[in-house]
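S.K.: Have a look; sequence and predicted model below, questions after that.
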Amino acid sequence: MRRFVLATLGVGFAATTGQVSAQTPAADDSSWRDGGVCYEIFVRSFFDSDGDGVGDLEGLIQKLDYVNDGDPDTRQDLGANCICLMPIAASSSYHGYDVTDYYRVDLRYGTNEDFQRFVAEAHRRGIQVLVDMVINHVSDNHPAFKHALLYPDSPYREWFRWSATPGPDNEWGDNNWRRSPVRDEYYYGFFSPRMPDLNWESDSLREEMKRVASFWLDDMGADGLRLEAVWHLMEGADGQAGHAPRTHDMLREYGAYVRERHPGTFTIGEVFDSSDKIFDYYPDQLDAFFAFGVSEAILEAALTGDGTNLLDAVLHMQDRVPNDRWAPFLRNHDQVRTMTHLGGDEARAKVAAGLLLTIPGVPFVYYGEEIGMTGDKPDPRIRTPMHWEVEPAAGFTSGMPWEPLQPDSLTANVQTLGGESGSLLNLYRDLIHLRGTHPALGAGKLIALSTNTPSVTAFVRRIGSDVALVVANLGTDALANVLLRADSGTVPAGEYSPVPLFGGGQAAPLEVEADGSFRGYVPLEVIAPLRTYVFDLTR
């Protein structure tokens, strides 16, 4: 009966679960994450191939060489080996986070066949493809919700949460129970009346969401899933959303299903929280989660010039979670863009990027950050079209862009910055490529070094015999006589000749004591302001 109704609705709506190791996901091919960088793209704003003002999958295909051209010897591409797409399923809105059909690409972007062609072209260049999976809620125009709203005996009633009266206010003093337009009842919609929450206590709903995952991973060819707003998946006994115990149960079941049915794929969840609660989502739920605390620490250090507490946030993640299971970033599609947050200061944006791309984890870069695009709330203004050229509409479209461009599109664009050797864009290119080719920067353990000034952050990345030294001056003054100190066991004993990999400068030789420590090491006579240096330590 249910499948007949679903077919009648035109939706196309079993599954098994399995236990996995509590330490690492089963059959997890994570090799691409060693040194990998993921580039987050809003298809609507990336490149418009047909002049209707809206970016599309064909446009994305045409711009894939910008992300990675498949040739490791060129440096004209970013060098990212992963693309994470914001939602592309059929939706009621511009942003795609209110899905109306999980099994169809939004027609504004193309067809299912266009997506499959995009995946094939991405794979040809060595790029993994992640799709944004919105599993907390759907659109109020989703056929299942409309059917449940109209008919009290609908088999899809259990897919949503209903109440005869509005429940308690949430922790922010708002009420998320929305009055039904059909009868005297309420449904739960945490984010909006237009986005009713799914009820994950329903067995049939969970089976459906598993089928959706399999559709994108099998039929469509994606390599993994980014799961939106997973900390809101369930509500606690008090009706409050966020970190409820049952959320962990549901994610554990969902993650186990994906790992068992689709080994080698990658799941990463958005838990918008910088507290230690992030660790409650490990070790056996999804493969990875975003490190919001690290994002805040990097931007705070870049903004203030004080790196005193910067590495604490990084070490806090590294000490608890394997490097390939957490993702640092600067900003994402819900936040004020990095350049705006840093007051338009390009030098601070460079040092923030330098830190992001030299610390452990799997970094995510939001499209346009690499060219210093600006953007502040409301949300459409942090998701504006990409700046490609010094042309009308910045080369994004031959028509009228769906959203007005940022006012700096004539200067902050790929064409202009690509030709400037010291530009922010070329910094991203150089460091992403370096991260992908230097084993220590790609997968090494971070060991913090002590400095004699809070303006300088320094650390080594080490894996086996490969060691990289990173020194970053977060301040606005050039600094002389900066001393570095390492505790015992930091690097093997011996005399090292630092080879400059990034940032210039010729560092002094380093003598490491028998116990693996050193003290009073002055790497450079003068450390330039707001600059990151990377050296390969060779014996």
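M.R.: Cool, got the structure. Numbers count the residues shown, from 1 in each chain.

S.K.: Could you use CA atoms for every contact and neighbour count after this?
M.R.: Fine.

S.K.: show me what contacts H333?
M.R.: Taking CA atoms under 8 Å, 6 or more residues apart in numbering as the definition of contact, the neighbours of H333 are 366, 379, 382-383.

S.K.: switch to 10 Å and redo it
M.R.: 40-42, 86, 95, 366-367, 379-383 (CA atoms under 10 Å, 6 or more residues apart in numbering).

S.K.: One more: D319?
M.R.: Contacts here follow CA under 10 Å, 6+ apart; on that basis D319 touches 445-446.

S.K.: The nearest residue to R539 once chain neighbours are set aside and P87, how far apart?
M.R.: Using CA to CA, 6 or more residues apart in numbering and skipping residues adjacent in sequence, the residue nearest R539 is Y496, 4.6 Å away. Plainly put, Y496 is 48 Å away from P87 if you go by CA to CA, to the nearest Å.

S.K.: Counting neighbours, go ahead and name the busier of these two.
M.R.: P87 (26 against 16; other CA atoms under 10 Å).

S.K.: I'd assumed R104 was in contact with the more buried one.
M.R.: No. P87 is beyond contact range of R104, at 11.3 Å (criterion: CA atoms under 10 Å).

S.K.: How far does stretch 101-111 sit from its chain's centre?
M.R.: 22 Å (CA atoms, centre = their mean, to the nearest Å).

S.K.: So for it, first residue to last residue, what's the gap.
M.R.: Using CA to CA, first and last residues of stretch 101-111 are 13 Å apart.

S.K.: Give the rounded mean pLDDT of it.
M.R.: Per-residue pLDDT values over stretch 101-111 give a mean of 98.

S.K.: G51 contacts T397, correct?
M.R.: Yes. The pair G51 and T397 passes the contact test of CA under 10 Å, sitting 5.5 Å apart.

S.K.: neighbour-wise, which of the two wins?
M.R.: Neighbour comparison, G51 and T397: the larger count goes to T397, with 26 against 14 (by other CA under 10 Å).

S.K.: what's the distance between that one and E403?
M.R.: Distance of T397 to E403, computed by CA to CA: 11 Å.

S.K.: Now the common contact residues for these two.
M.R.: 45, 53-54, 385.

S.K.: Of those residues - the most surrounded one?
M.R.: Among the shared contacts of T397 and E403, P385 has the most neighbours (other CA under 10 Å), with 33 neighbours.

S.K.: what's the closest non-adjacent residue to that residue?
M.R.: The shortest distance from P385 to any residue other than its chain neighbours is 4.1 Å, reached at S45 (CA to CA, 6+ apart).

S.K.: Quick check: that neighbour vs E208, distance?
M.R.: For S45, the distance to E208 equals 30 Å [CA to CA].

S.K.: Over to Q415?
M.R.: 45 Å.

S.K.: Kindly report the same for R485.
M.R.: Distance, R485 to E208, by CA to CA: 55 Å.

S.K.: What is the neighbour count of P166?
M.R.: 16.

S.K.: Isn't it up against D174?
M.R.: No. Under the contact definition of CA under 10 Å, P166 does not touch D174, with a separation of 11.2 Å.

S.K.: Which parts of the stretch 201-350 of the chain are helices?
M.R.: Read by DSSP state H, counting those that start in this stretch, the stretch 201-350 of the chain holds these helices, from start to end of the chain: 203-214, 245-261, 292-304, 310-318, 338-341, 346-356.

S.K.: quick one, what contacts F145?
M.R.: By CA under 10 Å, 6+ apart, the neighbours of F145 are 100, 138-139, 151, 154, 156-157, 159-160, 195-198.

S.K.: Spatially nearest residue to L311 (excluding sequence neighbours)?
M.R.: Among residues not flanking L311 along the chain, A448 sits closest, at 7.0 Å (CA to CA, 6+ apart).

S.K.: how distant is the one helix or strand that neighbour maps to from the center of its chain?
M.R.: Secondary-structure element containing A448, defined by DSSP states H and E: strand 445-451. Put simply, strand 445-451 sits 25 Å off its chain's centre (CA atoms, centre = their mean).

S.K.: what element comes up after it heading to the C-terminus?
M.R.: On the C-terminal side of strand 445-451, the nearest following helix or strand under DSSP H and E is strand 456-463.

S.K.: Which other helices and strands does that next one contact?
M.R.: Of the remaining helices and strands, those touching strand 456-463 by 3 or more CA pairs under 10 Å, 6 or more residues apart in numbering; DSSP states H and E are helix 310-318, helix 439-443, strand 445-451, strand 466-473, strand 484-486, strand 531-538.

S.K.: most neighbours per residue, which of the ones you listed?
M.R.: Mean neighbour counts were compared across these using mean count of other CA atoms under 10 Å; the top stretch is helix 439-443, at a mean of 26.

S.K.: can you tell me which residues contact T451?
M.R.: T451 neighbours (CA under 10 Å, 6+ apart): 308, 457-459, 471, 482-486, 519-522.

S.K.: Most neighbours of all the residues you listed, which one?
M.R.: For the contacts of T451, neighbours were counted by other CA under 10 Å; the highest total belongs to T457, with 27 neighbours.

S.K.: Would you list the phi and psi of the spatially most central residue of the chain?
M.R.: Nearest to the mean C-alpha position of the chain, counting by CA atoms, centre = their mean, stands F364 at 4.1 Å. The phi and psi torsions at F364 (degrees, to the nearest 10) take the values phi -110, psi 140.

S.K.: Surely it and E40 touch.
M.R.: Yes. The pair formed by F364 and E40 meets the contact definition of CA under 10 Å, at 6.7 Å.

S.K.: Now, the contacts of H333 that are in strands?
M.R.: If you go by DSSP state E, those have 40-41, 366 in strands.

S.K.: Turn these into TSV, including neighbour count and pLDDT.
M.R.: Shown next, in TSV, are the ones in strands among the contacts of H333 (neighbours: other CA atoms under 10 Å; pLDDT from 0 to 100):
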residue	neighbour count	pLDDT
E40	21	98
I41	22	98
Y366	21	98
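
S.K.: Tell me the one of those residues nearest C82?
M.R.: Ranking these by separation from C82, with CA to CA as the measure, puts E40 on top at 8.6 Å.

S.K.: Show the contacting residues for that closest one.
M.R.: 82-86, 130-132, 332-333, 364-368.

S.K.: most neighbours, which of these?
M.R.: Going by other CA under 10 Å, L130 tops the contacts of E40 with 28 neighbours.

S.K.: Let me know whether that one touches R226 as I believe.
M.R.: Yes. With contacts defined as CA under 10 Å, L130 counts as touching R226 at a distance of 6.4 Å.

S.K.: where do the contact lists of these two overlap?
M.R.: Between them, L130 and R226 share these contacting residues under CA under 10 Å, 6+ apart: 84-86, 266-268.

S.K.: Max pairwise distance over those residues: which two?
M.R.: For the shared contacts of L130 and R226, the farthest-apart pair by CA to CA is M86 and F266; their separation is 15.7 Å.

S.K.: Cheers, nothing more for now.
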